[in-house]
Each structure stands twice: as C-alpha cells, then as structure tokens.
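J.: Next one to model:
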Amino acid sequence: MSPRKYLTLLYTFLFICIIPILRLSAQDWNYQMGLNAAHLRFQSPAGIAQNSIRPDAGLHLSIYRTHQLLDSSKTPSAFLRKLDYQVGLAIDQFNAVGETQNIPFSYTSTYVGLNTGLGIKSHLGRGISVSYGGTLQVKQLILGAQKMGNQVYDLQGNPQFDRILWHVGAQVKLAKQLNDQVAIYAFFSNNWQLNTNQKDGSQFAINPVSFGFGIQYSLLK
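T.: This is a model prediction of the structure:
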C-alpha cells in the first residue's frame, strides 16, 4: 500500500470522528486509544505448535457509538433496560517478534474493521460506572510486512494474514462522569480469532489483548 493511500485512510478516520460532534448526535460516541498485545498462534498440519513467537506492542484506535438496546418505557425488566449495543470502526496494529534457527524475525500488520457488541452498564456511585459485555469484530489487513533476517516480505497475499479475521471477545470499561455530557474511561479487552484453519491443514490465529483510555460524549442527553 502506498503512503498516500495510508494517509487517506487516516484522514477518513479523523473525519468520521468529527461527524458526531458536528451533527450533535443523540447517541453516546466513544473515542478510544490504546495498545494491542497480539498473541500469534501457529500449529503445523502435524499438530506441532510454534512457541517462539512473542507479542509486540501495536496501536489501537477506535470510534463507536453506544445506544440503549430497548426503549426503557416499553419494557418492565430492569435487566433489559440496562442492556446497550455498540457499533463502530477500529484500526489495529498486530505486531510480533521471534526467532527460529537463530534467525530473528518480526511481523508488523495493520487491520481495519467493524466492531459490534452487547453489554451492560452498572453505576457504582460518585459518577463512576463499570461496563462489561461481549464483542464481535470483523477485520481486514490493509498493510503488513514480515522481516526475516535481512529479508522483508509483504504480508498482502499471505493467506495467514491477508484474510478476513473474525474475533469474539469481552471488554470491560471503568468510567468517570465529568459532567452531564462527558465521561473518561479506561478499557481492557481480550479477543480470540474464530477462523483459524488454513487450507494446508495448519492453524493460525491472532488473539489480541487491548487496553487504553477513551472519552465518551453524550451531547444531547
């Protein structure tokens, strides 16, 4: 991918971030930034696992909106009134390093995808709340390379990386309400890839752990 195309993607992401503010959306909009620690798991067709791959830090950026799943005036259930859904976009870097036969190698990859989820929010008092729930993510590689010794290989076209990734996971957020419209929070999430089987009978998965901070806007509440 050319640098110009990569910058166009970044500008698009920033533009999407501005839209909710310009339109004064009634939903809660969340902007978060953090780090990924990507655990790459490989198993040969014979069942032999590669244990020399170690996670390296990668950037996580996302924007998503949350909205109450059901109208509180239409359901008597207190539990259902607490449920909300989320949908948004994310940019994730999944990086790793390792060594084989005394030759160091590294992977650097960037994915863009759609994040959805269903969760519940509990208020602890003093403007503090905790949210937790499950997520489903669909991601596609846009940029990636492998360095093996002095050689560099493009990951685009590599069947292990250049495919749609399906991730299921869980996320926890601890938030502090600053005023009626703005809250800050810390988040932690763990995700597991579903489609791990390769055509040659091997298995390959990227299982990232993400953590960081975010800000939530509730502009018209």
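J.: contacts, neighbours, all on C-alpha from now
T.: Noted.
J.: Pop out the phi and psi values for residue 159.
T.: In terms of degrees, to the nearest 10, the main-chain angles of residue 159 are phi -60, psi -20.
J.: residues touching it, list them.
T.: Contacts for residue 159 (CA atoms under 8 Å, 6 or more residues apart in numbering) come out as residue 198.
J.: Use 25 as the first number for this chain going forward.
T.: All right, first residue 25 from here; so that's residue 183.
J.: With residue 220 as the reference, measure out to it.
T.: Distance, residue 183 to residue 220, using CA to CA, to the nearest Å: 11 Å.
J.: Residue 198 too?
T.: Relative to residue 220, residue 198 is positioned 32 Å away (criterion: CA to CA).
J.: do residue 213 as well
T.: On the measure of CA to CA, residue 213 and residue 220 end up 20 Å apart.
J.: got it, and residue 202?
T.: On the measure of CA to CA, residue 202 and residue 220 end up 42 Å apart.
J.: Please say which of those two ends up with more neighbours.
T.: Taking other CA atoms under 10 Å, residue 202 and residue 220 do not tie; residue 220 has more neighbours (17 against 11).
J.: in terms of contact, does the more buried one touch residue 228 like I think?
T.: Yes: shown here, residue 220 and residue 228 form a contact pair, counting by CA atoms under 8 Å, at 5.1 Å.
J.: Show the model's pLDDT score for residue 226.
T.: Residue 226 carries a pLDDT value of 91.
J.: ok, it to residue 71 distance?
T.: Taking CA to CA, one finds residue 226 at 8 Å from residue 71.
J.: Have a look at the two and say which one is more surrounded.
T.: A direct count of neighbours by other CA under 10 Å for residue 226 and residue 71 places residue 226 higher, at 17 against 11.
J.: List the pairing partners of whichever strand in the chain runs longest within its sheet, with orientation.
T.: Ranked by residue count, the top strand of the chain under DSSP state E comes out as strand 127-149. Its sheet considered, strand 127-149 pairs with strand 107-124 (antiparallel), strand 152-172 (antiparallel) by DSSP bridges.
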